[in-house]
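how would this look folded up:
(3 chains)
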Amino acid sequence: MAMLMDGPAAWPVGDAGAEMYALVERLYPVCRSITGDGVRRTLDIVGEYLPLQVHEVPTGTPVLDWTVPPEWNIRDAYIADATGRRVVDFAASTLHVVGYSVPVSATMTLAELRPHLHTLPDHPTWIPYRTSYYAPTWGFCLAQETLDALPDGEYRVEIDSTLADGHLTYAEHVVPGRVTDEVIVSCHVCHPSLANDNLAGIAVAAFLARALSERDPWYTYRFLFAPGTIGAITWLARNADRIDRIRHGLVLACAGDRGPLTYKRSRRGDAEIDRVMAHVLAASGRPHRVVDFSPYGYDERQFCSPGFNLGVGSLTRTPYAGYPEYHTSADNLDFVSPDAMADTLAVCREAFGLLDRNRRYVNLSPYGEPQLGRRGLYDSLGGRSDAKQAQLAMLWVLNLADGEHSLLDMAERSGLPFDAVADAARALHDAGLVKP
Amino acid sequence: MAMLMDGPAAWPVGDAGAEMYALVERLYPVCRSITGDGVRRTLDIVGEYLPLQVHEVPTGTPVLDWTVPPEWNIRDAYIADATGRRVVDFAASTLHVVGYSVPVSATMTLAELRPHLHTLPDHPTWIPYRTSYYAPTWGFCLAQETLDALPDGEYRVEIDSTLADGHLTYAEHVVPGRVTDEVIVSCHVCHPSLANDNLAGIAVAAFLARALSERDPWYTYRFLFAPGTIGAITWLARNADRIDRIRHGLVLACAGDRGPLTYKRSRRGDAEIDRVMAHVLAASGRPHRVVDFSPYGYDERQFCSPGFNLGVGSLTRTPYAGYPEYHTSADNLDFVSPDAMADTLAVCREAFGLLDRNRRYVNLSPYGEPQLGRRGLYDSLGGRSDAKQAQLAMLWVLNLADGEHSLLDMAERSGLPFDAVADAARALHDAGLVKP
Amino acid sequence: MAMLMDGPAAWPVGDAGAEMYALVERLYPVCRSITGDGVRRTLDIVGEYLPLQVHEVPTGTPVLDWTVPPEWNIRDAYIADATGRRVVDFAASTLHVVGYSVPVSATMTLAELRPHLHTLPDHPTWIPYRTSYYAPTWGFCLAQETLDALPDGEYRVEIDSTLADGHLTYAEHVVPGRVTDEVIVSCHVCHPSLANDNLAGIAVAAFLARALSERDPWYTYRFLFAPGTIGAITWLARNADRIDRIRHGLVLACAGDRGPLTYKRSRRGDAEIDRVMAHVLAASGRPHRVVDFSPYGYDERQFCSPGFNLGVGSLTRTPYAGYPEYHTSADNLDFVSPDAMADTLAVCREAFGLLDRNRRYVNLSPYGEPQLGRRGLYDSLGGRSDAKQAQLAMLWVLNLADGEHSLLDMAERSGLPFDAVADAARALHDAGLVKP
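Purely as a prediction, here's the structure:
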């Protein structure tokens, strides 16, 4: 009888770090935005790792308080000097063009061009990342030192982009569980060549989905690969009848840098996912931080808006805007590491392994202790001062199996490892002493 | 649309400290007790600063468990030695006579007089303050060194007082608000020449009332100038139908000494006034203390008796009985300072400014975030890592505007200044995104 | 009117430590187990100190999930070497035989005997304590150094025991109170020659019962002297209709060693007994520990099983399995001291003295403060800055007498001694100002 998913030890490991890093490398050159072929190309690549159900939502579709915007695609963009030399070239970095820039084809002086140029004076060699999704404009991002080297004079400015009716694209992968209650795992797929934010998150999500697909989980796990904000809002708008099934969730982002893990609690603050993540991180001995919810960050903002108020937290390594490389060209392939991604994946596996087994039980013999010895559950030789952990775990489960305490409650109250408590619950269940 | 009272920056300041000190100087010589012309004279003077509604309640009126006592008035009192020299003279200090002393006209030896003499051996130059409201007796208070210098022999003892049917006098000043829910601010007017306890409290209350009168507050503010204990009890007895309107309150006392501020919580411990005062004191960076309720002190004892259990706290500088000068002649005009009174007033203004704006809102677009950019509420240029405080405040308000969180809750949970949160709520309200 | 039991000062003291130690000395040689004549002999001796109602429950009686086991009695047991010398002799220590050993009469080699021998290699001179109540087997416990000295060869093994239908024996002593609500005090009587675990507990329970019998307590106190686990289970099974009356309880064990006291909370964690014990221990200034419930230890396991979930904690000195001498021959008469037992008894007396007086009151004059002076409850001379503790206690009781706060709540919130609060409540009750 295998009603419960096995613990973390049984998970397939492989060289997941290297594989995830290879996926990030493939995704890195693609120019993504909240709509357009970059998203489709990204989902194609991820689709090689796990089957995806891709959704296309037409421009103009009302989604909650928003409307699906025009689809943006870009083929080329550059600033060329008087000699025709491309001093800023989209082909060199997808970050060079402000996302959602309207098409431009003009010649202008540097003075005229300047209001459209974005740099980071504090990091003169880095290119910033900028977008303007909902206010039509255009612009270029470039290194401050590139800008400083530009002589006055006339420049040729070309942005070969289109903003037209089209679609917003997102994808789902569902790992069916034994119950229809769902766990949602979400990551954003709208950022161009930024490795940590969020290619590492996409990679960890994909490999987590694969690992879960090989299991027989309790919950149904739904993985969402969607553009930030508008993607989550579109999904929420189109899945109103499914929201009630979502019991837990996790937003994955910034999953590959070398900093310690940070878990950000759901708006509820004490949702089961909040307790599971805090427990797993603490039990693992890893350096980590657990921080309270704030309505700034990634798509937890949407899942935790007051109308939904879902038990969805967010796992990152260094969190949102917490590192200087954030939203710059320095968030590149060197900034993320296979080991960091493997570590993020390992914690996710452990957390979902625990979440999946975290049940409440009812002691069917709640008056006094049942006689464990008669059932072969207890050492028959009494009087020994060393209580074995397994026996202790059984006593804790029996004592707290009142339908109100989860196995995680029992683990935390007893100080015993969750696995010991879960094993004891299984043994007591097999002996007919407790029921879920 | 100005539904909310503006923040503290907009308050009139003036040289309130000096004006309040001048008021204390005028009130200082008056001999007050729980009834009598001293109270009336005090209210006359305060009435020059703000209109007062004066109430006279006849002796013998039952008030809750008490009865309004006879009215006490005193014209002269002294102890004269054999030569006729007044060795203790009421004209020199109102403290020399035990409050509510019955009339006396007698000649007696020092030995006979001694049981009626009160001194402070530890502070031989100070005159103590004593009363005996409900047990008929008489007595004199004097400096220990004065007593020590008295030779044995016969003394002439005169107390020209009357205890007779009359009235208990108290006054109210009401600042009408937009709602009939009331905030009560109370101070005691029964102590004779004691500057900190409570002339400074009277002065701060008067100037706070004046400042509120110049505003357009949300709540109706009721200022009560009444004798301690029996005055509050009389007011409570005569306003049974108004009690339910009292939402918040503050008892002001010891408002002028140079010590740091102390806020004493209401009996409830987590009333809104408790949270507001703690927040304002902490946010201001002032050294201060917040202490739990105890049923000893000033008229918070009555407002917080278990039958009423109102959300009424108490603000003092050095609290009740917390300084050696307390209830002695050393609580004089030197013991209080204009700056200290101005500081107490400033904190009251800030606290009531916050309380008055502390509303709960409901997000009218609670499913996902509303599109702020479309409404001009959000920078249209995304991708920047520095979130402006105003935008962050809007996100917090939207996220917590579920009808359960007040603006103060939002300020405390977000760590943002209350003003930023209140401004955000106003902007969102103007944009039709939230409603109170 | 003496509705309340007096405080600890009035308790009879005597030389309880020496008397309890003498009782332990008498009980020490008796070979106890969960059934049999050892228990009966023990109860006979305790019965010389206070009248006991002894219960005999037949073998085979179903009790909750258990069945009363066969009765075990033992007359003699030994291992003799080839010369006939008894190398291990039950007459020397009751610990030498594994409790509930089946009869044996055999000759065997040391190698054959070894699986039946139990030692403590880390403490080579100590004899361990072992039992096997529910799995039929036999065995000897001996010092490691004794075992090491045994030459190979043949040994005569005799255990003259009987396991047969009989009875399980336990006893009760009830101190009737003014109400039928009960406090249960339980100790286990099944351990052989182990002084701290649990002869000291038996002695403290007996003397506590005697002390309570000389009082006129509020609660009915029920003392239970029963074998561990099966005894408590038997009592619970036979007293199903009484369980609802049990309001509080305490399991006494390890009451005589020289370590500091440890109180283990009930499963509820905030039961009144939990708060009383923590308060008394803290107020006494004794070094002590208060620890959370765990389902391992003594009969609190049964009383706190989830079906009963009674407010029963456990008081020990060094707790269960917390000292190396635990369940060995080193838990002997030297290991316990008269002073330690007297100290345990004193804390129990103080705690039950407090518990017995810990009532909730309702202020009959809850609107404002009642006029204490009129009732002679308050100094008539006001204006003094030193509030006497008794007056302060009256104000606290009046303020918190809302039917929700117990006297202990008031003591803890006010910081006043419980006795002062209880005295104030009595004075206010006598004055008709509060009622229970």
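
make it CA atoms for all contacts and neighbour counts henceforth
Fine.

domains of chain A?
Chain A resolves into domains spanning A:8-68+A:167-357, A:71-164, A:360-435 when parsed by automatic domain parsing.

Please convert these to TSV, extending it with distance to chain C, mean pLDDT and mean neighbour count.
Converted to TSV, these look like this (distance: least, CA to the nearest CA, whole Å; pLDDT from 0 to 100; neighbours: other CA atoms under 10 Å in any protein chain shown):
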stretch	distance to chain C	mean pLDDT	mean neighbour count
domain A:8-68+A:167-357	20	96	21
domain A:71-164	54	97	18
domain A:360-435	4	89	19
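
secondary structure class for residue A:289?
Judged by DSSP: H, G, I helix; E, B strand; the rest coil, the three-state class of residue A:289 is strand.

these two touch, right, it and residue A:277?
No - Residue A:289 is beyond contact range of residue A:277, at 10.6 Å (criterion: CA atoms under 8 Å).

before we move on, the earlier item: put together a markdown table for the domains of chain A, with distance to chain B on each row.
Rendered in a markdown table, the data for those read as follows (distance: least, CA to the nearest CA, whole Å):
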| stretch | distance to chain B |
| --- | --- |
| domain A:8-68+A:167-357 | 4 |
| domain A:71-164 | 5 |
| domain A:360-435 | 26 |
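
Which of those domains sits closest to residue C:122?
When the domains of chain A are compared for distance to residue C:122 using CA to CA, the nearest one is domain A:360-435, at 13.4 Å.

Endpoints of the closest one, how far apart?
For domain A:360-435, the first-to-last residue distance is 9 Å (CA to CA, to the nearest Å).

and if you look at stretch A:76-96?
Counting by CA to CA, the length from the leading to the trailing residue of stretch A:76-96 is 11 Å.

same question, stretch A:402-417
By CA to CA, the extent of stretch A:402-417 from end to end equals 20 Å.

hmm, who's touching the lengthiest helix in chain A?
With DSSP state H applied, the helix covering the greatest number of residues in chain A is identified as helix A:338-357. Contacts to helix A:338-357, defined as CA atoms under 8 Å, 6 or more residues apart in numbering or on different chains, come from residues A:4-8, A:11, A:16-18, A:20-21, A:200, A:204, A:207-208, A:217-219, A:255-258, A:261, A:272-273, A:276-277, A:280-281, A:317, A:418, A:422.

So which of those residues belong to helices?
When DSSP H defines the helices, the subset of those inside them is A:16-18, A:20-21, A:204, A:207-208, A:272-273, A:276-277, A:280-281, A:418, A:422.

re the thing from before, joint contacts of residue A:289 and residue A:277?
Common neighbours of residue A:289 and residue A:277 are listed as residue A:263 (criterion: CA under 8 Å, 6+ apart).

Adding distance to residue C:149 as columns, could you present the domains of chain A in CSV?
Formatted as CSV, the domains of chain A follow (distance: least, CA to CA, whole Å):
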stretch, distance to residue C:149
domain A:8-68+A:167-357, 47
domain A:71-164, 81
domain A:360-435, 24
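
Quick one: closest of those to residue B:99.
Closest approach to residue B:99 among these is made by domain A:8-68+A:167-357 (57.8 Å; CA to CA).

any idea how far the closest one is from the chain center?
2 Å (CA atoms, centre = their mean, to the nearest Å).

What sits closest to residue A:318 if chain neighbours are left out?
If you skip the residues right next to it in sequence, residue A:318 has residue A:259 as its closest partner in space, 5.4 Å away by CA to CA, 6 or more residues apart in numbering or on different chains.

Next one: the closest residue to residue A:117 other than its chain neighbours from residue A:115, what distance?
Leaving out its chain neighbours, the residue that sits closest to residue A:117 by CA to CA, 6+ apart is residue A:140, at 5.0 Å. In this view, residue A:140 and residue A:115 are 10 Å apart by CA to CA.

Please apply the same query to residue A:84.
According to CA to CA, residue A:84 stands 22 Å off from residue A:115.

same thing with residue A:33?
When distances are taken as CA to CA, residue A:33 and residue A:115 turn out to be 22 Å apart.

And residue A:195, by the same measure?
With distances defined as CA to CA, the gap from residue A:195 to residue A:115 amounts to 28 Å.

which residues sit in contact with the residue nearest in space to the middle of chain A?
Here the mean C-alpha position of chain A is nearest to the C-alpha of residue A:252 (CA atoms, centre = their mean), at a distance of 1.4 Å. By CA under 8 Å, 6+ apart, residue A:252 lies in contact with A:185, A:186, A:187, A:201, A:202, A:204, A:205, A:314, A:315, A:316.

Alright, that wraps it up for me.
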